[in-house]
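Engineer: Any chance you can model this:
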Amino acid sequence: MSANPRRLDRIDIGILNHLQQNAKITNAELAAAVNLSTTPCFNRVRALEKLGLVKQQVTLLDPEPLGLSINVFIQVSLEKQVEDALQRFEQAISEQPEVMECYLMSGDADYLLRVVMPDMRALERFIIERLTTIPGVSNIRSSFALKQVRYKTALPLPAAGLTLVDPAGSRTEWE
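Structural biologist: Okay, here's the model as predicted:
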């Protein structure tokens, strides 16, 4: 994105919201949903992609029928929060397919992981054979999700629009 602000109007926001809800929507369906003809809608989608607003399109799977019924949040503390230790941990975690999300945190723990597992034995193996073997890990605490109350992937966007600015140097204004 350039340093010049780019205003997203209500149609752009509508396009992004519809794409967040259903990435498989056809251009004709999308155009009808935002009250545009197909060519201008297609051009707007391409422009939004060029701005870097569309990261990727994925298919979300239901973990239950796939045998991934355990959803665990794991807090990990490191011995030292130095750059080498952080990079080493992050690299090791990025290689673990069971880790769905990983965040560097403020507060008591250094990292918060969300991990999906088929059963307790698999979780035990993951913790003992993988997490504890990462150099610098000093403490691991797990919390089990009993029930998923809400799960969404769509970001909240202001209906009226917003002004984008280069993320490297300035702000995004919501309206």
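
Engineer: all contacts plus neighbour counts: C-alpha atoms, from now on.
Structural biologist: Fine.

Engineer: State the distance from the spatially closest residue to residue 111 that is not a sequence neighbour to residue 141.
Structural biologist: Of all residues not flanking residue 111 in the chain, residue 104 sits nearest, at 4.6 Å (C-alpha to C-alpha, 6 or more residues apart in numbering). Residue 104 is 15 Å from residue 141, where distance means C-alpha to C-alpha, to the nearest Å.

Engineer: Same check on residue 112?
Structural biologist: 10 Å.

Engineer: State the helix or strand in which residue 138 lies.
Structural biologist: Remark: residue 138 resides in strand 137-144, with elements defined by DSSP states H and E.

Engineer: Please work out which residues outside that strand touch it.
Structural biologist: Strand 137-144 is contacted by residues 70, 71, 72, 73, 74, 75, 76, 77, 78, 79, 131 when judged by C-alpha atoms under 8 Å, 6 or more residues apart in numbering.

Engineer: you'd agree the fifth one is up against residue 116?
Structural biologist: No - because the distance of 10.7 Å does not satisfy C-alpha atoms under 8 Å, residue 74 is recorded as not touching residue 116.

Engineer: of residue 112 and residue 141, who's got more company?
Structural biologist: Legend: neighbour count by other C-alpha atoms under 10 Å for residue 112 and residue 141, higher for residue 112 (20 against 11).

Engineer: Can you tell me the SS state at that one?
Structural biologist: What DSSP: H, G, I helix; E, B strand; the rest coil gives for residue 112 is strand.

Engineer: which residues does it contact?
Structural biologist: So residue 112 contacts 73, 74, 75, 76, 102, 103, 104, 105 (C-alpha under 8 Å, 6+ apart).

Engineer: how about 10 Å then?
Structural biologist: Residue 112 makes contact with 73-77, 101-106, 140-142, according to C-alpha atoms under 10 Å, 6 or more residues apart in numbering.

Engineer: show me what contacts the residue nearest to residue 44 when sequence neighbours are not counted?
Structural biologist: Nearest residue to residue 44, sequence neighbours excluded (C-alpha to C-alpha, 6+ apart): residue 12, at 7.1 Å. Listed by C-alpha under 10 Å, 6+ apart, the contact partners of residue 12 are 18, 34, 41, 44, 45, 47, 48, 159, 160, 161, 162.

Engineer: Can you tell me how far residue 115 is from residue 143?
Structural biologist: 10 Å.
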